[in-house]
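1. Give me the fold of what follows.
(chains A and B)
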Amino acid sequence: MIIGSNLAKIYGKGSVEVRALDGVDISIRKGEFVGITGASGSGKSTLLHLLGLLDRPTSGSLIIDGVEVASLNERQRTLFRLNRLGYVFQDYALVPELTAEENIYLPSKVRGMTVKECTRACRDILGLVGLKDRVSFLPGEMSGGEQQRVAIARALINNPAILLADEPCANLDTRNSTVILELIRKLNKELDQTVVMVSHEEWHQKYFDRVVVMQDGKIVSGGE
Amino acid sequence: MLEEEQVAFFLASRLITRGNKGTLLLTIMIIAMVFVNLIFLPSIIAGIVVLFNQQNIDYSYGNLVIEPREDQLLITRVGELQQKINRVPGVVASTPRYSGAATIVSKGKSTTPLLIAINPDDEKQVLKIHTGIASGDYLNDGDTGQILIGTTLAGNKDQTVDRTPTLGGVDVGKTVEVTFRNGVTRQYRIKGIIASGQFSVDSSAFITRKELDSVLGTTDTANQILVRTQTTGKEEAMRITLMQYGIQEKIWTWQDKSADFLKSIVGSFDIINVISTIVSLVIAVVVIFIVIFINTVYRRKQIGILQAIGIDRSIIIKSYIFQALFIFASGTLAGCALLFVLLQYLTASPLVFPGGPVAPVLEPMLLFRAIASLFIVSLIAGFLPSWLTTREDLLSAIRG
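-> As a prediction, the model looks like this:
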């Protein structure tokens, strides 16, 4: 599903060179729920950005779903993100002027669904994340936990091969964090969804199938 | 509509309807003002040009001007020629004139204006000078010993306010002394003062042809015959018709006669117009650009996230272009409404110019040009900021 070999990401040049990732090898199987942990600056977010095609590696090879993604151009990368990846951000990142349903509607419509299909899919996915009664609520009218669930629904609407989550519980209290983690876990099991999640909370680890620990841009355990 | 455009339109419509209404209304009002500015001045200028044209027809030339043949100084057998002209279909009337310089003296003040000899009754059918009598009366066909003086020529008692040589404020009933080019000098009583608003008329003097014939000893001659036609705007065709009816004299249209004057006026106005148009369009570009730019900068993170979830940058750019076009369309509509009110008001209460009242003239081409230029400006102002923002590094944009 995901095979990263000798991945490196270097910022700056010469004496100011920073090796955010330094020869990372990682492989993740389909249906796995992998957590990436590590101290701040260990490279866990950088790795997730590479896996989410938000950034390009300085060197190394990255194969996702059988495609060598490093060789894709910008438009192909956007299409790849649309069709095969779902991304959940730390701060929900919903469009404030769009209702819960409309936020989810956008990526499905771009993918070419009809309005009727989009509406049905949006309602189904909102039901799945437990927000059927929040369909026409604007983000500002929902709690942080509800907004994050809308963001997860948005990430899942196109039935992506991989769900990537960048500290999705960072802005939530423990109760809401538990709701989100259980939801992701449930989706992982029920939909056989591959999930890669960055987290620095130790108590989150009980939800993961495998924990990848990073330090100074390298994987120190769990990389397989 | 294509898939991408549908999504872009959807996104734009939601951002407009649920975004900041105050900013949106203000922007639309500014565009409406720019639109009015793009139309208003040129329509006033068009109104002035229409006024000048009409004044030239009504007070100076009629529709056509007939002048002596190539090798002749005067038109002879004028009566016969006038009858021939008046019989041509499409001709309303004609009036022969004999004009030349003469020296007029009043209380020691002397000037040499154009003195025009006319048949008053014929003139009334061709020109409207008789409607411009400010005081006294118009001439009658049989009048002798009487003269009409233009208000500019009559001048003011306080000559410091006169910008051209005048008679120092003569009035109806006073006597002036006229010396003709053959050396004959005669006394004339001022019968009326003309204030037509047309400089060439108001700085001239008029006597009857009968009076001039008695001075010069001429009969049935003129150096111009002015012709009024039924339709204005078809002078060129009427010129050809007159030629076909055997008129061998030179025939000019009023446009030929006033071409240089009009060209210089229209040329000057065009410069003002171009400057005003450029300024208006620059304001429109800057306003729409700033609004869209601030909007995109404010939504930089959101734009990055939309790209991150697989929305292509072309969709995002199109959504901002749609927003700019909405501002353009609403601004133009609001501008049209404002303009309609303004034009109604100015048509009811025209601006008073030295030549007469000027009502704005709205030409379809002018309207089209204003709409087209605002449309292009909106496209550019919508495209550029969103294109710049979506070109940014994705991670930097997401981090805000």
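2. In the chain, where's the longest helix?
-> If you meant another chain, say so; for now it's chain A. Longest helix of chain A, by residue count under DSSP state H: helix A:174-190.
3. was after chain B, sorry
-> helix B:254-298.
4. elements contacting the longest helix of chain A?
-> Contacting helix A:174-190 under the criterion 3 or more Cβ pairs under 8 Å, 6 or more residues apart in numbering or on different chains; DSSP states H and E are the following elements: strand A:33-38, helix A:144-156, strand A:162-166, strand A:194-198. The way it works is simple: take the backbone N, C-alpha and C, and place the C-beta from them, glycine included.
5. Can you give the distance of that helix from its chain's centre?
-> On the basis of Cα atoms, centre = their mean, to the nearest Å, helix A:174-190 sits 14 Å off its chain's mean C-alpha point.
6. touching chain A at all, the longest helix of chain B?
-> No: using Cβ under 8 Å from any Cβ of the partner chain, helix B:254-298 never reaches chain A; the gap is at least 10.9 Å.
7. name the helices or strands packed onto that helix?
-> For helix B:254-298, the packing partners by 3+ Cβ pairs under 8 Å, 6+ apart come out as helix B:21-55, strand B:64-67, helix B:313-348, helix B:364-390.
8. quick one, which of the ones you listed is nearest to chain A?
-> Across those, chain A has its closest neighbour in helix B:313-348 (6.7 Å, Cβ to the nearest Cβ).
9. other SSEs contacting the closest one?
-> For helix B:313-348, the packing partners by 3+ Cβ pairs under 8 Å, 6+ apart come out as helix B:3-18, helix B:21-55, helix B:254-298, helix B:300-308, helix B:364-390.
10. Please identify the deepest-packed of those.
-> Counting by mean count of other Cβ atoms under 10 Å in any protein chain shown, helix B:300-308 has the highest mean neighbour count of the helices and strands packed on helix B:313-348, with a mean of 22.
11. Please list the outside residues in contact with that one.
-> With Cβ atoms under 8 Å, 6 or more residues apart in numbering or on different chains as the test, helix B:300-308 has contacts from A:52, A:54, A:78, A:81, A:87, A:89, A:93, A:95, A:106, B:296, B:313, B:316, B:386, B:389-390, B:392, B:394-400.
12. Just say helix, strand or coil for the nearest residue to residue B:199 once chain neighbours are set aside.
-> Closest residue to residue B:199 apart from its sequence neighbours, by Cβ to Cβ, 6 or more residues apart in numbering or on different chains: residue B:152 at 6.6 Å. What DSSP: H, G, I helix; E, B strand; the rest coil gives for residue B:152 is helix.
13. From residue B:352, how far off is residue B:152?
-> Applying Cβ to Cβ, to the nearest Å, the value for residue B:152 to residue B:352 is 18 Å.
14. The two - which one has more neighbours?
-> The residue with more neighbours, out of residue B:152 and residue B:352, is residue B:152; 23 against 9, by other Cβ atoms under 10 Å in any protein chain shown.
15. For the closest residue to chain A within chain B, which non-adjacent residue is closest in space?
-> Taking Cβ to the nearest Cβ as the measure, chain B has residue B:310 as its residue closest to chain A, at 2.6 Å. Excluding the flanking residues, the one nearest residue B:310 by Cβ to Cβ, 6+ apart is residue A:82, at 2.6 Å.
16. neighbours around that neighbour, how many?
-> Residue A:82 - counted by other Cβ under 10 Å - has 19 other residues nearby.
17. what's the answer for the one 5 residues further on, then?
-> Here the neighbour count serves as a burial measure; for residue A:87 (other Cβ under 10 Å) it reads 26.
18. before we move on, what SS does it have?
-> The three-state label given to residue A:87 by three-state DSSP is strand.
19. picking up where we left off before, would you write a ChimeraX line that selects the buried entries of the contacts of helix B:300-308?
-> Those of the contacts of helix B:300-308 that count as buried under 16 or more other Cβ atoms under 10 Å in any protein chain shown are selected in ChimeraX with:
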select /A:52,54,78,81,87,89,93,95,106 /B:296,313,316,386,389,390,392,394,397,398
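20. Could I get the pLDDT score of the most centrally placed residue in chain B?
-> Nearest residue to the geometric centre of chain B (Cα atoms, centre = their mean): residue B:49, 1.7 Å. Residue B:49 is assigned 84 on the pLDDT scale.
21. that older thread, quick one: the longest helix of chain B to helix B:21-55, angle?
-> Put simply, helix B:254-298 runs at 170 degrees to helix B:21-55, going by axes from the mean of the first three to the mean of the last three Cα atoms, to 10 degrees.
22. Quick one: mean pLDDT over helix B:254-298.
-> Averaged over helix B:254-298, pLDDT sits at 81.
23. Kindly report the same for stretch B:124-141.
-> In this model, stretch B:124-141 carries a mean pLDDT of 94.
24. So which bits of that stretch are buried?
-> Judged by neighbour count using 16+ other Cβ under 10 Å, the buried positions of stretch B:124-141 are B:124, B:126-130, B:132-133, B:136, B:138-139.
25. Among these, which are located in helices?
-> Reading helices off those with DSSP H, I get B:124, B:126.
26. Could you export the buried residues of stretch B:124-141 as TSV, including distance to chain A?
-> Output for those, formatted as TSV (distance: Cβ to the nearest Cβ, whole Å):
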residue	distance to chain A
B:124	71
B:126	69
B:127	67
B:128	63
B:129	68
B:130	70
B:132	65
B:133	70
B:136	75
B:138	73
B:139	77
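27. Can you tell me which of the buried residues of stretch B:124-141 is closest to residue A:119?
-> For these, the residue nearest residue A:119 by Cβ to Cβ is residue B:128; the value is 71.8 Å.
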